[in-house]
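Trainee: Quick one: sequence plus predicted model below, questions after.
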Amino acid sequence: MDTAPALAISDITDADVPAIIALWQRCGLTRPWNDPAADIALARRGESSTILVGRAGGAIAASAMVGHDGHRGWVYYVSVDPDHRGRDLGRAIMAAAEDWLRTRGVAKLMLMVRGDNTKVQAFYNQLDYAVQDSVVFSKWLDGREPTPGMK
């Protein structure tokens, strides 16, 4: 089996949205309190964020939401279709996200991984990411009550 990452990467298009949402759901990235369509629309609104789509053989095989706040870059919804795993596509989509930020002058990339997701933590360790000693706080600004277990 060829393990070279043959991934054509581009920004998301309108036609890609349903397939990207399906990919995120298939990869277990969506949560009831987050609307992936709204997250995609928000990321596409400005010049400081986008969703990168990786295609292998014409089919969507990977994605990453990438953006910056003017100081640090952030990556969310990193996904590789389960049928395409083991071919370094995760490494390729992350390299594309890093390049996207680098070309915009962003020097530091941040990302969050759920504490119990040890497999993904190991992936980022292999890419030379380091655990930061930080506490992440959150607050819903749209009037929602805190999600159980998240306060």
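Mentor: Good, I have the coordinates. Residues are numbered from 1 along each chain as shown.

Trainee: Please tell me how far Ala97 sits from Ser138.
Mentor: Here the criterion is Cβ to Cβ, to the nearest Å. By it, Ala97 lies 22 Å from Ser138. C-beta here means a position set from N, CA and C on the backbone, and glycine is covered the same way.

Trainee: Run a quick neighbour tally on Arg55.
Mentor: 15 (other Cβ atoms under 10 Å).

Trainee: The nearest residue to it once chain neighbours are set aside: what's it in contact with?
Mentor: Here the nearest residue to Arg55 in space, its sequence neighbours aside, is Ala8; by Cβ to Cβ, 6 or more residues apart in numbering that works out to 4.7 Å. Counting by Cβ atoms under 8 Å, 6 or more residues apart in numbering, Ala8 makes contact with 54-56.

Trainee: would you turn those residues into CSV with secondary structure?
Mentor: Converted to CSV, the contacts of Ala8 look like this (DSSP: H, G, I helix; E, B strand; the rest coil):
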residue, secondary structure
Gly54, strand
Arg55, strand
Ala56, strand
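
Trainee: So which residues of the protein form strands?
Mentor: Remark: strands assigned in the chain by DSSP state E are 8-11, 49-56, 59-68, 73-80, 109-111.

Trainee: Can you check which of these gets nearest to Thr30?
Mentor: Checking those against Thr30 by Cβ to Cβ gives strand 73-80 as the closest, at 8.7 Å.

Trainee: by how many degrees do that closest one and strand 59-68 diverge?
Mentor: In terms of direction (axes from the mean of the first three to the mean of the last three Cα atoms, to 10 degrees), strand 73-80 departs from strand 59-68 by 170 degrees.

Trainee: Just checking: what are the partner strands of strand 73-80?
Mentor: Note on strand 73-80: by DSSP bridges, its sheet partners are strand 59-68 (antiparallel), strand 109-111 (parallel).

Trainee: Tell me which of the ones you listed sits most buried.
Mentor: strand 59-68 (a mean of 23; mean count of other Cβ atoms under 10 Å).

Trainee: related to what we said a few turns ago, redo the contacts of Ala8 as TSV? Include distance to Leu42 and pLDDT.
Mentor: What follows is the contacts of Ala8, written out as TSV (distance: Cβ to Cβ, whole Å; pLDDT from 0 to 100):
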residue	distance to Leu42	pLDDT
Gly54	21	97
Arg55	23	97
Ala56	27	94
